[in-house]
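Visitor: mind looking at a prediction? Sequence and model below.
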Amino acid sequence: MFNFSYYTPTEVLFGKGTENETGRMVRKYQGTKVLIHYGSGSVVRSGLLDRIKASLDQEGIGHVELGGVVPNPHLELVYEGIELCRKEKVDFLLAVGGGSVIDSSKAIAYGLADPDRDVWELFEHTRKANGCLPVASVLTIAAAGSEMSNSCVITRASDNNKRAYDDDLSRPKFAIMNPELTVTLPDYQTQSGCVDIMMHTMERYFTQGGNMEITDTIAEGLLRTVMKNARILHADPANYEARAEVMWSSSLAHNGLTGCGNDGGDFSSHMLEHEMGGMFDVTHGAGLAAIWPSWARYVYRDDLDRFVRYARNVMGVTDEGTDEEIALKGIEAMEAFYHSIDMPVNMSELGIHPTPEQVEEMAERCALATGGSQGSAKVLHKEDMLKIYQMAL
């Protein structure tokens with residue numbers, strides 16, 4: 001195993017009705033003027049926004065609103081949020097939604113902390129953040145894990161650049177998680193979220209060396225739990241217990257727990273999907289499902305022991321055979337699981353059909369975004385990224 005630092009400062013309120021504690025929690029973390037940031041009108045139609053505002057009013061906390069966050073959140077709205085918060089003297093960011101809203105809130109918070117610099121510089125990795133205003137969330141989608149992570153992903157729509165920035169400065173102060181708030185999600189969004197949760201775990205699982213038995217066991221249990229409950233929710237979307245299992249798994253998958261003792265993870269599938277999402281605006285989890293099988297078939301021989309363990313302990317492969325045969329059966333079982341919850345296993349099933357020129361552009365952009373290479377199970381360079389994209393068509 002490798003040495004590690006585990007830092008997870010986010011306070012969690014989990015369960016029914018917890019959104020009514022929002023005002024008290026903002027007060028606890030010394031917020032006095034809040035930006036309520038959200039996506040579509042669903043938080044308005046459901047009455048959630050009114051409940052949150054009432055909770056803030058009860059504590060005497062001022063607030064302004066900014067909606068309009070879209071999947072693959074746009075830099076342009078981040079800029080708008082920064083200007084609004086400066087004008088209104090906001091000192092606390094409250095994301096009401098899922099990962100896209102939380103990421104947009106984090107980006108705004110970075111921009112407010114360093115008002116004389118362009119926040120996009122962080123995502124271009126030409127500088128590091130000097131600070132970040134406090135961020136918290138009321139979670140309505142279980143997927144990204146951004147409610148407890150240090151991660152933030154933003155898309156510059158003007159040129160379809162989708163870039164990530166990770167820094168502990170942005171770890172949220174608190175996360176309010178009521179699984180009931182996810183019941184009205186379309187099944188496609190629920191299942192895309194389940195894939196994203198699993199991928200956050202699998203990115204940390206398929207690594208070279210530095211593995212701990214306890215970390216592996218936690219990761220394998222989390223993956224099995226999400227798969228079980230994804231199937232339950234596919235058939236019974238109102239099942240509260242399954243919603244709760246998935247929501248808590250989302251946070252545990254991306255708060256660092258499943259990476260303790262390893263090299264930090266592979267994350268090649270995420271970087272490959274970022275370019276798909278930037279170019280075609282696909283749902284992130286579905287994009288991950290579409291790229292992972294091709295990535296797995298490209299790299300499994302370089303990380304064969306991990307793929308065999310995954311096949312046995314996660315996918316339940318009991319067949320005998322060579323290690324290579326068992327590893328491939330595990331990948332096939334994963335594809336069968338994706339299909340069982342109506343998720344794609346290639347770009348065609350995802351509904352996108354990149355031209356050869358677009359595939360080349362995605363590979364070039366992925367290589368640029370990763371500094372030329374990415375991966376732990378197998379280190380990928382541009383030519384490898386290109387081949388995986390071609391396999392995934």
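Guide: Ah, there it is. Source: prediction; values computed, not measured. Numbering: from 1, shown residues only.

Visitor: can you show me the helices along the stretch 201-350 of the chain?
Guide: Here the stretch 201-350 of the chain has its helices, by DSSP state H, counting those that start in this stretch, at 213-235, 240-254, 268-280, 284-299, 304-313, 323-340, 347-350.

Visitor: any chance of those helices in CSV, with mean neighbour count too?
Guide: Every residue, glycine included, has its C-beta placed from N, CA and C. What follows is those, written out as CSV (neighbours: other Cβ atoms under 10 Å):
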stretch, mean neighbour count
helix 213-235, 18
helix 240-254, 22
helix 268-280, 24
helix 284-299, 25
helix 304-313, 20
helix 323-340, 18
helix 347-350, 18
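
Visitor: so which of these is nearest residue 363?
Guide: Comparison of the helices of the stretch 201-350 of the chain against residue 363 by Cβ to Cβ identifies helix 268-280 as nearest, at 7.9 Å.

Visitor: just the angle between that closest one and helix 284-299, please?
Guide: Relative orientation of helix 268-280 and helix 284-299, computed by axes from the mean of the first three to the mean of the last three Cα atoms, to 10 degrees: 130 degrees.

Visitor: what helices and strands are in contact with helix 268-280?
Guide: On a contact count with 3 or more Cβ pairs under 8 Å, 6 or more residues apart in numbering; DSSP states H and E, helix 268-280 meets strand 151-156, strand 161-166, helix 187-205, helix 284-299, helix 356-369, helix 382-391.

Visitor: mind running it again at 10 Å?
Guide: strand 151-156, strand 161-166, helix 187-205, helix 284-299, helix 347-350, helix 356-369, helix 382-391 (3 or more Cβ pairs under 10 Å, 6 or more residues apart in numbering; DSSP states H and E).

Visitor: of all those, which one comes closest to residue 238?
Guide: Minimum separation from residue 238 across these (Cβ to Cβ) falls at helix 187-205, 11.3 Å.

Visitor: list the buried residues in that closest one.
Guide: 189-205 (16 or more other Cβ atoms under 10 Å).

Visitor: only alpha carbons, please: show it as PDB.
Guide: Presented in PDB, the C-alpha positions along helix 187-205 are these (Å, rounded to 0.1, in the frame of the first residue of the first chain):
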ATOM      1  CA  ASP A 187     -35.000   6.600 -15.200                       C
ATOM      2  CA  TYR A 188     -32.300   7.600 -17.700                       C
ATOM      3  CA  GLN A 189     -31.000  10.200 -15.200                       C
ATOM      4  CA  THR A 190     -31.100   7.700 -12.300                       C
ATOM      5  CA  GLN A 191     -29.300   5.000 -14.200                       C
ATOM      6  CA  SER A 192     -26.700   7.500 -15.600                       C
ATOM      7  CA  GLY A 193     -26.100   8.500 -12.100                       C
ATOM      8  CA  CYS A 194     -25.600   4.900 -11.000                       C
ATOM      9  CA  VAL A 195     -23.000   4.500 -13.700                       C
ATOM     10  CA  ASP A 196     -21.200   7.600 -12.600                       C
ATOM     11  CA  ILE A 197     -21.100   6.400  -9.000                       C
ATOM     12  CA  MET A 198     -19.700   3.100 -10.100                       C
ATOM     13  CA  MET A 199     -17.100   4.700 -12.400                       C
ATOM     14  CA  HIS A 200     -15.800   6.900  -9.600                       C
ATOM     15  CA  THR A 201     -15.100   3.700  -7.700                       C
ATOM     16  CA  MET A 202     -13.700   1.800 -10.600                       C
ATOM     17  CA  GLU A 203     -11.400   4.600 -11.600                       C
ATOM     18  CA  ARG A 204      -9.700   4.100  -8.200                       C
ATOM     19  CA  TYR A 205      -9.900   0.300  -8.300                       C
END
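
Visitor: returning to what we had before: next, format the helices and strands packed on helix 268-280 as JSON lines and append mean pLDDT.
Guide: Below are these laid out as JSON lines (pLDDT from 0 to 100):
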{"stretch": "strand 151-156", "mean pLDDT": "94"}
{"stretch": "strand 161-166", "mean pLDDT": "93"}
{"stretch": "helix 187-205", "mean pLDDT": "96"}
{"stretch": "helix 284-299", "mean pLDDT": "97"}
{"stretch": "helix 347-350", "mean pLDDT": "98"}
{"stretch": "helix 356-369", "mean pLDDT": "97"}
{"stretch": "helix 382-391", "mean pLDDT": "98"}
